[in-house]
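# okay, predicted coordinates and the sequence, questions at the end:
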Amino acid sequence: MTTHSFALHIPDAELEPDPLDPAQIVSGTPEVTGKVVWESADGKQLRGIWQITPGVVTDTEADELFVVVSGSATIEVEGGATFTVGPSDMGVLRAGDRTTWTVHETLRKAYAISL
């Protein structure tokens, strides 16, 4: 993690395994990798890169803004919208949203999360 201004080429960034809770997996064998590249001093703001291979998973979201770099997924928000995202799409998720992600093609995104 860095404490100064920086730029990072997202497609080439090396990510680390970030195993899913098996209870989150609905179908397939999705694998998650990621990397936090910046964290605020109080730990309430995170910036990073996240990737998931094809499959279907559930999650409870934090406040997040993300931009998809590669891949595609359909995100169903319980009691809300269903949308499909792909390269160059931006998404906004609200804290507490219960989501189901159907990942069609390995998805890599850059994110900013507020806890």
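Structure's in. What do you need?
# going by C-alpha atoms from here, please, whenever you check contacts or count neighbours.
OK.
# below-threshold pLDDT in this protein: ranges please.
1-3 (pLDDT under 70).
# mind doing that once more with 90?
Within the chain, the set of residues satisfying pLDDT under 90 comprises 1-4.
# what helix or strand is the residue nearest the centre of the chain located in?
Central residue of the chain (Cα atoms, centre = their mean): residue 50, 4.8 Å from the mean position. In the assignment (DSSP states H and E), residue 50 maps to strand 45-52.
# other SSEs contacting the following helix or strand past that strand?
Sequence-wise, the next helix or strand downstream of strand 45-52 (DSSP H and E) is strand 55-60. Identification of packing neighbours for strand 55-60 by 3 or more Cα pairs under 8 Å, 6 or more residues apart in numbering; DSSP states H and E yields strand 25-27, strand 98-114.
# separation between residue 7 and residue 31?
26 Å (Cα to Cα, to the nearest Å).
# could you give the angle of the strand or helix carrying residue 73 to strand 98-114?
Using DSSP H and E, residue 73 sits in strand 63-77. If you take axes from the mean of the first three to the mean of the last three Cα atoms, to 10 degrees, strand 63-77 sits at 170 degrees to strand 98-114.
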